[in-house]
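**Q** Just need the structure, nothing else, for what follows:
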Amino acid sequence: MNLTAAAVIAQTITFVALVTAGFWYAVPWMRRHALATALAIPLWIHVFRHVAMQIFSARKFGFDIPLSLAREIAWGDVAGASSR
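**A** Sure thing, here's the model as predicted:
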């Protein structure tokens, strides 16, 4: 088996596991709450991904953030997003 096939199989298994967990845990919880709450809570998971990318705007407007730190945060966000 080559690395690409192994990665596809691993991603597929992870996707199936997350969808299954979502139906077992998240869907029943969301049905017990108001629509606004049921949608707002899962969206908060992704808020911090966008906040992390604002570090480059902060550097542009004069905040003294080292470029190496900004890149580390950005690549960490990319790695975290791709593992979900």
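**Q** how does this protein divide into domains?
**A** For the chain, automatic domain parsing gives the domain ranges 1-32, 34-84.
**Q** Take these and write them to TSV, including mean pLDDT.
**A** Output for the domains of the chain, formatted as TSV (pLDDT from 0 to 100):
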stretch	mean pLDDT
domain 1-32	91
domain 34-84	81
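**Q** Redo those as JSON lines? Include mean neighbour count.
**A** For every residue, glycine as well, the C-beta is placed using N, CA and C. Listed next are the domains of the chain as JSON lines, based on neighbours: other C-beta atoms under 10 Å:
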{"stretch": "domain 1-32", "mean neighbour count": "10"}
{"stretch": "domain 34-84", "mean neighbour count": "11"}
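**Q** how about the helices of the chain, start to end?
**A** Remark: helices assigned in the chain by DSSP state H are 3-21, 27-32, 35-53, 55-60, 67-82.
**Q** Can you check what angle separates the third one from helix 67-82?
**A** The reference is to helix 35-53. Counting by axes from the mean of the first three to the mean of the last three C-alpha atoms, to 10 degrees, helix 35-53 lies at 140 degrees to helix 67-82.
**Q** residues in contact with helix 35-53?
**A** 26, 29, 30, 31, 73, 74, 76, 77, 80, 81 (C-beta atoms under 8 Å, 6 or more residues apart in numbering).
**Q** Alpha carbons of that helix, in CSV - could you do that?
**A** In CSV, the C-alpha atoms belonging to helix 35-53 read as follows (Å, rounded to 0.1, in the frame of the first residue of the first chain):
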residue,chain,number,x,y,z
LEU,A,35,-32.0,26.8,17.0
ALA,A,36,-29.8,29.9,17.8
THR,A,37,-28.0,28.0,20.5
ALA,A,38,-27.7,24.8,18.6
LEU,A,39,-26.1,26.6,15.7
ALA,A,40,-23.9,29.0,17.7
ILE,A,41,-22.1,26.5,19.8
PRO,A,42,-20.6,24.5,16.9
LEU,A,43,-19.7,27.7,15.0
TRP,A,44,-17.5,28.8,18.0
ILE,A,45,-15.2,25.9,17.2
HIS,A,46,-14.2,27.7,14.0
VAL,A,47,-14.0,31.3,15.3
PHE,A,48,-10.5,31.0,16.6
ARG,A,49,-9.2,29.7,13.2
HIS,A,50,-10.1,33.1,11.7
VAL,A,51,-8.8,35.0,14.7
ALA,A,52,-5.4,33.3,14.3
MET,A,53,-5.1,34.6,10.8
